[in-house]
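Undergrad: For reference, the sequence and a predicted model appear below.
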Amino acid sequence: MKPEEVEQVVAAFKAGASMQKLADRFGVDRTTILRRLQGLGLRTRFSKLEPDDVQVAAELYRSGWTIDELARLHHVAASTVRAYMLDAGVALRRRGRQGFK
(Lines give C-alpha, C1' and ligand atoms only; values in the text may rest on other atoms or scores of the structure.)
Protein backbone atom coordinates (compact mmCIF):
# COMPACT_ATOMS: atom_id res chain seq x y z
CA MET A 1 0.00 0.00 0.00
CA LYS A 2 1.15 3.50 -0.77
CA PRO A 3 1.68 5.93 2.14
CA GLU A 4 -1.29 8.07 1.07
CA GLU A 5 -3.48 4.95 1.02
CA VAL A 6 -2.36 4.04 4.53
CA GLU A 7 -3.37 7.52 5.69
CA GLN A 8 -6.78 7.03 4.07
CA VAL A 9 -7.15 3.63 5.73
CA VAL A 10 -6.33 5.12 9.15
CA ALA A 11 -8.81 7.97 8.69
CA ALA A 12 -11.56 5.63 7.49
CA PHE A 13 -10.87 3.17 10.32
CA LYS A 14 -11.05 5.93 12.92
CA ALA A 15 -14.35 7.00 11.37
CA GLY A 16 -15.70 3.49 11.94
CA ALA A 17 -15.12 1.60 8.68
CA SER A 18 -14.85 -2.16 9.07
CA MET A 19 -11.74 -4.14 8.14
CA GLN A 20 -13.64 -5.86 5.34
CA LYS A 21 -14.91 -2.59 3.86
CA LEU A 22 -11.40 -1.15 3.94
CA ALA A 23 -9.97 -4.30 2.36
CA ASP A 24 -12.57 -4.17 -0.42
CA ARG A 25 -11.99 -0.45 -0.99
CA PHE A 26 -8.21 -0.78 -1.28
CA GLY A 27 -8.12 -4.16 -3.00
CA VAL A 28 -6.16 -5.99 -0.32
CA ASP A 29 -6.84 -8.76 2.16
CA ARG A 30 -8.49 -7.94 5.48
CA THR A 31 -5.40 -9.16 7.35
CA THR A 32 -3.26 -6.64 5.44
CA ILE A 33 -5.43 -3.84 6.82
CA LEU A 34 -5.26 -5.36 10.30
CA ARG A 35 -1.46 -5.64 10.23
CA ARG A 36 -1.00 -2.08 8.92
CA LEU A 37 -3.20 -0.60 11.62
CA GLN A 38 -1.61 -2.64 14.39
CA GLY A 39 1.84 -1.81 12.99
CA LEU A 40 0.99 1.86 13.44
CA GLY A 41 0.09 1.20 17.07
CA LEU A 42 -3.64 1.56 16.55
CA ARG A 43 -5.89 -0.57 18.64
CA THR A 44 -8.09 -2.62 16.35
CA ARG A 45 -11.44 -4.18 17.05
CA PHE A 46 -9.62 -7.46 17.55
CA SER A 47 -7.41 -6.00 20.27
CA LYS A 48 -7.77 -6.83 23.90
CA LEU A 49 -8.44 -4.33 26.64
CA GLU A 50 -5.66 -3.36 29.01
CA PRO A 51 -6.45 -3.59 32.75
CA ASP A 52 -6.73 0.21 33.02
CA ASP A 53 -9.16 0.21 30.07
CA VAL A 54 -11.30 -2.40 31.79
CA GLN A 55 -11.48 -0.28 34.94
CA VAL A 56 -12.46 2.84 32.97
CA ALA A 57 -14.99 0.87 30.91
CA ALA A 58 -16.55 -0.54 34.08
CA GLU A 59 -16.89 2.93 35.59
CA LEU A 60 -18.42 4.29 32.39
CA TYR A 61 -20.80 1.33 32.16
CA ARG A 62 -21.93 1.87 35.74
CA SER A 63 -22.52 5.55 34.92
CA GLY A 64 -24.88 4.63 32.08
CA TRP A 65 -22.79 3.95 28.98
CA THR A 66 -23.88 0.97 26.90
CA ILE A 67 -21.76 -2.01 25.94
CA ASP A 68 -21.95 -0.87 22.29
CA GLU A 69 -20.72 2.63 23.18
CA LEU A 70 -17.81 1.18 25.14
CA ALA A 71 -16.96 -1.15 22.26
CA ARG A 72 -16.76 1.80 19.84
CA LEU A 73 -14.68 3.79 22.33
CA HIS A 74 -12.14 0.99 22.74
CA HIS A 75 -12.29 -0.32 19.16
CA VAL A 76 -13.28 -3.82 20.16
CA ALA A 77 -16.35 -5.98 19.62
CA ALA A 78 -19.28 -5.57 21.99
CA SER A 79 -18.89 -9.23 22.96
CA THR A 80 -15.32 -8.45 24.05
CA VAL A 81 -16.48 -5.62 26.32
CA ARG A 82 -19.25 -7.81 27.72
CA ALA A 83 -16.77 -10.60 28.52
CA TYR A 84 -14.40 -8.19 30.25
CA MET A 85 -17.26 -6.68 32.27
CA LEU A 86 -18.36 -10.15 33.41
CA ASP A 87 -14.78 -11.11 34.29
CA ALA A 88 -14.47 -7.89 36.33
CA GLY A 89 -17.64 -8.76 38.26
CA VAL A 90 -19.72 -5.92 36.81
CA ALA A 91 -23.46 -6.54 37.06
CA LEU A 92 -24.77 -6.18 33.52
CA ARG A 93 -28.05 -4.46 32.74
CA ARG A 94 -30.70 -6.12 30.62
CA ARG A 95 -30.44 -5.41 26.92
CA GLY A 96 -32.62 -2.70 25.42
CA ARG A 97 -33.57 0.75 26.51
CA GLN A 98 -33.86 1.01 30.23
CA GLY A 99 -36.63 3.20 31.53
CA PHE A 100 -38.04 3.76 28.05
CA LYS A 101 -41.83 3.51 27.88
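TA: Received it, and whenever you're ready, just let me know what you need.

Undergrad: Just give the nearest non-adjacent residue to the residue most central in space within the chain, would you?
TA: The centroid of the chain falls nearest to H75 when counting by Cα atoms, centre = their mean (1.7 Å). In space, and not counting its chain neighbours, H75 is closest to R43: 4.8 Å by Cβ to Cβ, 6 or more residues apart in numbering. In short, each C-beta sits where N, CA and C put it, glycine included.

Undergrad: what's around that neighbour, how many residues?
TA: Using other Cβ atoms under 10 Å, R43 has 15 neighbouring residues.

Undergrad: where exactly do the strands run in the chain?
TA: Counting by DSSP state E, the chain yields no residue ranges for strands.

Undergrad: Would you map the helices across it?
TA: For the chain, the helices defined by DSSP state H occupy 3-14, 19-26, 30-39, 51-62, 67-74, 78-87.

Undergrad: Which of those sits closest to R94?
TA: Distance to R94, taken as Cβ to Cβ, is lowest for helix 67-74 among those, at 11.5 Å.

Undergrad: what pLDDT does Q98 get?
TA: Predicted confidence (pLDDT) for Q98: 59.

Undergrad: before we move on, the earlier item: include mean pLDDT, distance to R93 and mean neighbour count when you put the helices of the chain into TSV, please.
TA: Output for the helices of the chain, formatted as TSV (pLDDT from 0 to 100; distance: least, Cβ to Cβ, whole Å; neighbours: other Cβ atoms under 10 Å):
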stretch	mean pLDDT	distance to R93	mean neighbour count
helix 3-14	90	28	14
helix 19-26	88	29	16
helix 30-39	88	31	16
helix 51-62	93	8	15
helix 67-74	89	9	17
helix 78-87	90	10	16
